[in-house]
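>>> please work out how this folds:
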Amino acid sequence: MAPNSRAPVLIYDAECRLCLSSKKWIERWDRKHRITFLPFQTAEAGKLVPELGGMTCMDAMRLVAPDGSISSGVDAFRKMLPFLPAGKVLALFFHLPGVPWLARQVYGRVAENRYRWFGRAHP
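Below is the predicted model of the structure:
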């Protein structure tokens with residue numbers, strides 16, 4: 001599915017088993033199909049987010065918001081939540097003291113080790 005200017009685009013690592021599982025989980029949650037998914041390994045992702053060009057391994061998922069702003073990792077997840085059912089309520093969790101810091105620490109550790117812990121998906 002090609003990204004459009006009104007839908008947020010979630011760019012993910014299609015070679016990561018955890019990332020693929022997360023994508024499927026988000027797709028099921030996104031019953032109104034408001035989010036577009038795009039593997040970072042595609043040329044289209046590189047055009048949408050030029051910083052991805054030449055990377056052999058994406059360090060974190062990216063969300064390109066309808067306004068064109070780009071966020072990554074936990075911040076991408078937090079900004080994606082309002083597009084999902086009950087997501088606005090869940091996004092409030094990230095306003096609790098210490099939660100953003102802790103979430104970034106956990107996300108970073110998992111992202112660093114995702115191939116080791118979950119393996120690579122082979123297309």
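
>>> what comes into contact with stretch 116-123?
A14, E15, C16, R17, L18, L20, V110 (C-beta atoms under 8 Å, 6 or more residues apart in numbering). C-beta here means a position set from N, CA and C on the backbone, and glycine is covered the same way.

>>> by mean pLDDT, point me to the weakest helix or strand of the chain.
Sorting the helices and strands of the chain by mean pLDDT, DSSP states H and E puts helix 43-48 at the bottom, at a mean of 88.

>>> run the chain-centre distance for the helix or strand just after that helix.
Per DSSP states H and E, helix 43-48 leads on to strand 62-64 as the next helix or strand towards the C-terminus. Relative to the mean C-alpha coordinate of its chain, strand 62-64 is positioned 6 Å out (C-alpha atoms, centre = their mean, to the nearest Å).

>>> ok, now stretch 108-116?
14 Å.

>>> buried residues in it?
The neighbour-count check on stretch 108-116 (16 or more other C-beta atoms under 10 Å) flags A111, R114, Y115 as buried.

>>> and that stretch, average pLDDT?
Across stretch 108-116, the average pLDDT comes to 90.

>>> just say helix, strand or coil for the nearest residue to P85 once chain neighbours are set aside.
Leaving aside its sequence neighbours, P85 sits nearest to R31 (C-beta to C-beta, 6 or more residues apart in numbering; 6.4 Å). Put simply, R31 is coil when judged by DSSP: H, G, I helix; E, B strand; the rest coil.

>>> follow-up on the earlier one: mind putting the buried residues of stretch 108-116 into JSON lines with distance to I70 and secondary structure?
Below are these laid out as JSON lines (distance: C-beta to C-beta, whole Å; DSSP: H, G, I helix; E, B strand; the rest coil):
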{"residue": "A111", "distance to I70": "17", "secondary structure": "helix"}
{"residue": "R114", "distance to I70": "21", "secondary structure": "helix"}
{"residue": "Y115", "distance to I70": "24", "secondary structure": "helix"}
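
>>> roughly how far apart are the residue nearest to P85 and Y12?
Per C-beta to C-beta, to the nearest Å, R31 is found 19 Å from Y12.
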